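>>> Could you work out the structure for the sequence below:
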Amino acid sequence: MKNKLSTSLLALFFGYLGAHRFYLDQDRKGYKYLYLSISIVGLYLTRYFFNIHDKFALYVFKPT
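Residues are numbered from 1 along each chain as shown. Got it, this is the predicted structure:
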């Protein structure tokens, strides 16, 4: 059995990356956490660098 304190600290500080799942030998769940966090960060970076929210608003809400 793994140490509960170590697992809790990993979940607290690196839980968004799934570090606690890898520590508990639950690799499939850990990869899901990792994939989800990388996807969300990628979406935010794409929106930030390409200003997608501004262009979308111009197409949808065209001034008449």
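>>> Next up, the contacts around Gly30.
For Gly30, the contact set (CB atoms under 8 Å, 6 or more residues apart in numbering) comprises Gly18, Ala19, Arg21, Phe22. (Glycine included, C-beta is placed from N, CA and C.)
>>> Repeat that for Leu34.
Leu17, Gly18.
>>> what's the distance between the residue positioned nearest the centre of the chain and Ser8?
Centroid check for the chain by CA atoms, centre = their mean gives Ser37 as the closest residue, at 1.8 Å. Between Ser37 and Ser8 the computed distance is 19 Å (CB to CB, to the nearest Å).
>>> same thing with Asp27?
Asp27 sits 19 Å away from Ser8, going by CB to CB.
>>> what number of residues lie near Tyr33?
Counted with other CB atoms under 10 Å, residues neighbouring Tyr33 total 19.
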